[in-house]
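S.K.: How does the following fold in three dimensions:
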Amino acid sequence: MSYSGRYRPTNPKKYKGDPKNIVYRSLWERKFMVYCDSHDHVIEWGSEEFAIPYRDPVSGRRRRYFPDFYIKYVDGSKNTRRMVIEVKPAKQCREPITNPPKKTKTWMNEVYTWGVNQAKWKAAKDFCDDRLWEFKIFTEKELGIR
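M.R.: Just a heads-up that it's a prediction; the model follows:
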């Protein structure tokens, strides 16, 4: 089974962007796409349809972050809300240990990934705060995956 592919929505009018070009990069992303496509309280959704600028903490260069999802939905109080969602494994949402006994390549990669993710997520939170939107990170817990 492939972990990436193209998603074909059953409700293409709900998709904000080109519904013929929806790409998922993990089965977790695909699961969330099915959720957005099939639930009535999700009014519209998009996947990697806009960029948020951020500064790379390692190189100092300006880069662009394409969040996994944007959704517009109706909450339990019948209010319309907007949210930007990043889908990540829980292990990538925890800071690596600061002083390991051995500084392996794996550890160095975790530190680099953590730093870049923190910069992206701060930029996304600021972007959402400016628009009165929410920013959330969904892990296997939120997606109901064991």
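
S.K.: In contact with R131: list those residues for me.
M.R.: R82 (C-beta atoms under 8 Å, 6 or more residues apart in numbering). For every residue, glycine as well, the C-beta is placed using N, CA and C.

S.K.: If you count residues, where's the longest strand of the chain?
M.R.: Criterion DSSP state E: the longest strand present in the chain is strand 80-87.

S.K.: Buried residues, that one. List them.
M.R.: Residues of strand 80-87 classed as buried: M83, V84, I85, E86, V87 (neighbour count, 16 or more other C-beta atoms under 10 Å).

S.K.: Quick check: the fourth one vs E48, distance?
M.R.: Using C-beta to C-beta, to the nearest Å, we find E86 at a distance of 11 Å from E48.

S.K.: overlap in contacts of those two?
M.R.: Contacts common to E86 and E48, judged by C-beta under 8 Å, 6+ apart, are P67, D68.

S.K.: For the residue sitting nearest the centre point of the chain, name its beta-bridge partners.
M.R.: Nearest to the mean C-alpha position of the chain, counting by C-alpha atoms, centre = their mean, stands E86 at 1.5 Å. Applying DSSP bridges to E86 yields these beta-bridge partners: I137.

S.K.: Would you agree it is in contact with P67?
M.R.: Yes: with contact defined as C-beta atoms under 8 Å, E86 counts as touching P67 (5.7 Å).

S.K.: Show me whatever sits in contact with both of these two.
M.R.: In contact with both E86 and P67: A124, using C-beta under 8 Å, 6+ apart.
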